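**Student:** whatever this is, show me its structure:
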Amino acid sequence: MKPATDLPLVRLSLLYPLLEGLDAVGGDATPILGQYQLDRSLVTSGDLFVPARTMYSLVEAISEASGDPHFGLRQGERLDPWGWPPLANAAAGAKTVGECLLRFSLVASHEASSIIYGIETAGPRSTFIGQRVTDGGVQPRHNDGFSIGYVLGIIRPAVGSAWDGRRVLARVCDPAVIPPDYLGIRLAQGDTLGFTIDFPTEWLLQPLRLGQPRQAPRPGSSTPLTTLSTVDALKQLLIPHLGERDLDAERVAEAIGISKRTLARRLSAEGTSFRSELEQLRKRRAEALLGEGNLTIAEVGSEIGYPDAAVFSRAFRRWHGCSPVSY
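**Tutor:** Numbers count the residues shown, from 1 in each chain. The predicted model follows:
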């Protein structure tokens, strides 16, 4: 199902297994998240989407902070599929490996519009594919490793004693993120726009064996990405950054991985513009902060991207016809 938004986005909560992995080795993700005006509570909220470029950068930065050159892969293979909503939703009711992977390809459209999953079958060989819309200017090395880890975590237990790694070919953008001779599989160099895993078609027919849950399922999300319009998606991207003075359409379009003109065209099709949506968000945030009464006028202005109190007051008069003090 095609997302309502064409912006390449990813649900931030998908990052949680990697945060847990970094915690386990004594690392601290706080400064990494802070670089993107994010924190752990936003990761666990379940309803925040971020640009694909941001997610790819976060995964790479967290993996590098772990000191483990195979961190992404290790977190993927240790993943509890019943505790990670995309896989849990795909596995629920699936009887075979093939059915689980097909369900995952559908469920994933609710989690990300930046990558399309699918299975291609040609006689005795099948290929599971993750095709990215954009790499966001980032080499998603550990993103590939994580994907290889959890996909093989679905296939290998089902195959059992018939497993033969020589019959598997994994193609990733940087084979160095997978240890040499990992499960005996073969590795190949791919590009930054996706990964593939090629294996015998007969394995798709194997009964699914994912074992018992190792942890309580994490809360699911109430907002499928397929229901978000471009405007809704843009608002989600802007809210954490309202305090940044240099927030403009060109910078946001670059972060998303599209051109400024493309962003403007998509917003225009929905009867709005970047400037209009940003102004509305800043207006509502100012109203909320003034209503709470915990900040000075200057502090409220700074919080929404107007560090000059006089400039903020002029903007507020334009919105409400009165000064922030009178409001």
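**Student:** what is the end-to-end distance of stretch 7-23?
**Tutor:** 31 Å (CA to CA, to the nearest Å).
**Student:** from the chain's centre, how far out does that stretch sit?
**Tutor:** 6 Å (CA atoms, centre = their mean, to the nearest Å).
**Student:** same check, this time on stretch 152-162
**Tutor:** On CA atoms, centre = their mean, the centre of stretch 152-162 falls 27 Å from that of its chain.
**Student:** now do that stretch: everything it contacts.
**Tutor:** For stretch 152-162, contacts defined as CB atoms under 8 Å, 6 or more residues apart in numbering pick out 76-77, 79, 81, 87, 96-97, 100-101, 163, 168, 183, 185, 197, 199, 203, 206-211. Where C-beta positions appear, they are placed from N, C-alpha and C, glycine not excepted.
**Student:** and the next helix or strand past the helix or strand of the chain with the lowest mean pLDDT?
**Tutor:** Using mean pLDDT, DSSP states H and E, the weakest-scoring helix or strand in the chain turns out to be helix 230-238, at a mean of 75. The helix or strand immediately downstream of helix 230-238 is helix 249-256, counting by DSSP states H and E.
**Student:** enumerate the positions of the helix or strand following that next one that are buried.
**Tutor:** Where DSSP H and E defines the elements, the next helix or strand beyond helix 249-256 is helix 260-268. Using 16 or more other CB atoms under 10 Å as the burial criterion, the residues of helix 260-268 that qualify are 263, 266-267.
**Student:** next one: stretch 272-291
**Tutor:** Buried residues in stretch 272-291 (16+ other CB under 10 Å): 274, 277-278, 281-283, 285-287, 289-290.
**Student:** now stretch 43-51
**Tutor:** Judged by neighbour count using 16+ other CB under 10 Å, the buried positions of stretch 43-51 are 43, 46, 48-51.
**Student:** which ones among these map onto helices?
**Tutor:** residue 43 (DSSP state H).
**Student:** please convert the buried residues of stretch 43-51 to JSON lines, extending it with pLDDT and distance to residue 231.
**Tutor:** As requested, the buried residues of stretch 43-51 are exported to JSON lines (pLDDT from 0 to 100; distance: CB to CB, whole Å):
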{"residue": "43", "pLDDT": "86", "distance to residue 231": "24"}
{"residue": "46", "pLDDT": "75", "distance to residue 231": "21"}
{"residue": "48", "pLDDT": "82", "distance to residue 231": "16"}
{"residue": "49", "pLDDT": "85", "distance to residue 231": "13"}
{"residue": "50", "pLDDT": "85", "distance to residue 231": "17"}
{"residue": "51", "pLDDT": "85", "distance to residue 231": "16"}
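**Student:** export the buried residues of stretch 43-51 as a markdown table, with columns for distance to residue 314.
**Tutor:** Formatted as a markdown table, those follow (distance: CB to CB, whole Å):
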| residue | distance to residue 314 |
| --- | --- |
| 43 | 37 |
| 46 | 38 |
| 48 | 32 |
| 49 | 33 |
| 50 | 32 |
| 51 | 31 |
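**Student:** which pair in the buried residues of stretch 43-51 spans the largest distance?
**Tutor:** Using CB to CB, these reach their maximum pairwise distance at 46 and 51, which is 17.7 Å.
**Student:** wait, a strand at residue 197?
**Tutor:** Yes: checked against DSSP: H, G, I helix; E, B strand; the rest coil, residue 197 lies within a strand.
**Student:** next up, the contacts around it.
**Tutor:** 127-128, 148, 151-152, 155, 168-171.
**Student:** do that again at 6 Å, thanks
**Tutor:** Taking CB atoms under 6 Å, 6 or more residues apart in numbering, we find residue 197 in contact with 128, 151, 170.
**Student:** where does it land on pLDDT?
**Tutor:** As predicted, residue 197 sits at a pLDDT of 98.
**Student:** give me the beta-bridge partners of it?
**Tutor:** Counting by DSSP bridges, residue 197 forms beta bridges with residue 128, residue 170.
**Student:** now the one 10 residues further on
**Tutor:** Here residue 207 shows beta-bridge partners residue 96, assigned using DSSP bridges.
**Student:** returning to what we had before: list the buried residues in the least confident helix or strand of the chain.
**Tutor:** Neighbour counts over helix 230-238 (16+ other CB under 10 Å) mark 230-234, 236-238 as buried.
**Student:** which residues does that helix contact?
**Tutor:** In contact with helix 230-238 (CB under 6 Å, 6+ apart) are residues 5, 7, 9, 49, 266, 270, 272, 277, 281.
**Student:** which of the residues you listed fall within helices?
**Tutor:** Using DSSP H, the contacts of helix 230-238 in helices are 266, 277, 281.
**Student:** which residue packs closest to the second one, ignoring adjacent ones?
**Tutor:** The spatially closest residue to residue 277, leaving aside those adjacent along the chain, is residue 234, at 5.9 Å (CB to CB, 6 or more residues apart in numbering).
**Student:** mind checking pLDDT for residue 229?
**Tutor:** Looking at residue 229, the pLDDT reads 69.
**Student:** re the thing from before, and the residue nearest to residue 277, how far from residue 61?
**Tutor:** As judged by CB to CB, to the nearest Å, residue 234 and residue 61 stand 24 Å apart.
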